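Q: Return a 3D structure for these sequence lines:
(one chain, ligands or ions: 1)
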Amino acid sequence: MSCVHRVALAVCAIMSVAGAKSAAAHTYVVTIEQMRFDPPTVTVHSGDTVVWVNKDLVAHTVSGDAKRFDSGSIASEASWRSVVSEPGRYPYTCLFHPTMHGTLIVERTP
Ligand SMILES: [Cu+2]
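A: As a prediction, this is how the structure comes out:
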């Protein structure tokens, strides 16, 4: 009986390690290609990092509506990264190409 109990404890320990891993900060990549943000909507958690990588031949920006954040000009083959904090829904656009739209959704860390 005590042996079975010990096995259960070991499984429990492994599960708690996996749980800790899923709560750790992640890095998400949004590719800017063919005048689009891909994926157009990205959902992350507070503390995560989002990297926008410009694969186009022209420069773009990642500019939050109401000027909540702004990457400035991101040159071709360059990238811009941001660590998100405040939960919320952040629509953004490219200042050079107003038809380009994306949305960053920041959820509270579980
Ligand atoms: Cu652009």
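
Q: residue contacts, Ile105?
A: Ile105 makes contact with Thr41, Val42, Thr43, Val44, Gly88, Arg89, Tyr90 under the criterion Cβ atoms under 8 Å, 6 or more residues apart in numbering. Where you see a C-beta, it was placed from the backbone N, CA and C, and this is true even at glycine.

Q: Next one: the host helix or strand of it, is it in contact with the ion?
A: Per DSSP states H and E, Ile105 falls inside strand 101-107. No - legend: contact between strand 101-107 and the ion by Cβ under 5 Å from the ion is lacking; minimum distance shown is 10.6 Å.

Q: picking up where we left off before, ok, the contacts of Ile105 vs Lys55, which is closest?
A: Val42 (16.1 Å; Cβ to Cβ).

Q: From the chain's centroid, how far away is stretch 45-53?
A: 3 Å (Cα atoms, centre = their mean, to the nearest Å).
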